[in-house]
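Participant: My questions concern the predicted model and sequence given below.
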Amino acid sequence: MNTKKFIPTKTQVKIMQLFVSQITRRFTLRGVGKELGMHQALTYRACKELISNKLIITDDNSYRLNYKQNHQELAYFESIRSKEFLEKNKTLALLEEDIIEKFPYGYFILLLFGSVVISTKPRDIDILVVIEKTEDLEAAEKALYNLTRNYTLNIHSIVISFESVFEMLSTRDEKNVINEVLNKHLILYGGELFYKLLKKGRK
Amino acid sequence: MLDEKKLKEMQSRVKQYMDNGLIKTKQSREFVEFFLSNADKSLNSANALYDLSTDKEMQTKMGYINFDGFLWVVNSCYYSMFYIVRALLENEGIKIKSDLSTHAVTFDVLVNFFYLNGKLQKKFIEDFADAKDEASELLGKQKADQLIEDYYWEKEKRATFTYNTKEIVIKAKAQTSLERARRFNQEIKKMIR
């Protein structure tokens, strides 16, 4: 990013929310405008600055998210997405608060994935937690279960370690939870860490 | 359960409590987190007791063979609901000063300030009332049953049969209590947050 502090406009925040929601998807600028119901000229003008600040980059005549830089900014756009979502889902907001406050590992990522991200009436709630150490997995799974069991939601939770994330990211075309998460997720906690792992793991 | 007559009685009791200074409204909200934390701790205790009561491997590992904590699951669940109601009242600036029968007063106040004005649905009030009744009934009944069993100690077979039946019933009640407390606490927390 440029040394001058970049403060995105409302339109740019909307555009970035779209890009972070589908990390590997390529968009044309016309496609971005169409998807967000924006005037083309406005979209072009807004994207120009996002490109110059390297938040989005060109890829085969189209654009995609630059997940290798500006992690703090990307985490900010993710946080706006999840905040908007949680405002409409009070029970999940309570659960999120509970996990962030009581999950016994300080360094972790908490995200939602699957149907809950796109549907207002999801079959179940898929939760993914990423922790640092593989040896802590069993204890972390139990801790997460003890937090989620107090909610009446139909929750399916998965806990994986950094090591598994790297392993899954290295196999781009394989169907696995991390590859699924990239284009259908809501990061509730640990946005910066998520992008850091993505940068390191996705070659 | 909540018929007109009872509701009127509750309203008049609450008015009396207010006149006597046992209940004060528009007070500071200093203990919300304290009661919320107590509610969580009580529900987690209920979860832990339920797990230990149903997991033979855990019982062996921890040296609690044939552990049965179902009775206290029911009690802890009720307490978690009681504490979350206290958190709700505190959040609304309502303080209960009474040391005597705080539980009964809390129920009356909940109905008066949250059910009668439509803030809380009837099913949640009934859940709370059921939990309160079951906890006190089970704890009382346990003592009475023990006395009867002691008295008719010679009818061992019958006593064992009664005991086994009761254990299954209490286990089912414990499970119901957990589901009820989870549902109730989740709803009340949404009102607080």
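Facilitator: Yep, that arrived.
Participant: so which strand or helix has residue A:110?
Facilitator: For residue A:110, the host element (DSSP states H and E) is strand A:108-113.
Participant: Show me the contact partners of that strand.
Facilitator: With contacts defined as CB atoms under 8 Å, 6 or more residues apart in numbering or on different chains, strand A:108-113 is touched by A:85, A:92, A:96, A:99-100, A:103, A:125-132, A:177, A:180-181, A:184-191, A:193-194, A:197. Just so you know, the C-beta spots here come from the backbone N, C-alpha and C atoms, and that holds for glycine as well.
Participant: ok, of those, which come out buried?
Facilitator: Buried by 16 or more other CB atoms under 10 Å in any protein chain shown: A:85, A:92, A:96, A:99, A:103, A:125-132, A:181, A:184-191, A:193-194, A:197, out of the contacts of strand A:108-113.
Participant: Show me the residues you listed that map onto helices.
Facilitator: A:85, A:92, A:96, A:99, A:181, A:191, A:193-194, A:197 (DSSP state H).
Participant: out of those residues, what pair is the most spread apart?
Facilitator: A:92 and A:197 (23.3 Å; CB to CB).
Participant: Surely residue A:5 is in a helix?
Facilitator: No - the assignment for residue A:5, made by DSSP: H, G, I helix; E, B strand; the rest coil, is coil rather than a helix.
Participant: any idea how far it lies from residue B:139?
Facilitator: Residue A:5 sits 64 Å away from residue B:139, going by CB to CB, to the nearest Å.
Participant: Contacts made by stretch A:132-146 with the rest, please.
Facilitator: So stretch A:132-146 is contacted by A:99, A:103-105, A:107-108, A:127, A:129, A:131, A:157, A:159-164, B:44, B:47 (CB under 8 Å, 6+ apart).
Participant: With stretch A:40-53 instead?
Facilitator: By CB under 8 Å, 6+ apart, stretch A:40-53 touches A:1-2, A:6, A:8-9, A:11-12, A:15-16, A:29-30, A:32-33, A:36, A:38, A:56-58, A:63, A:70.
Participant: and that stretch, how far out from the chain's middle?
Facilitator: With CA atoms, centre = their mean, to the nearest Å as the basis, stretch A:40-53 stands 22 Å off its chain's centre.
Participant: Enumerate every residue touching the residue most central in space within chain B.
Facilitator: Nearest residue to the geometric centre of chain B (CA atoms, centre = their mean): residue B:78, 1.6 Å. Residues counted as contacts of residue B:78 (CB under 8 Å, 6+ apart) are B:131-132, B:134-135, B:177, B:181.
Participant: same thing but at 10 Å, please
Facilitator: By CB atoms under 10 Å, 6 or more residues apart in numbering or on different chains, the contact set of residue B:78 is B:42, B:46, B:103, B:128, B:130-136, B:138-139, B:177, B:180-181.
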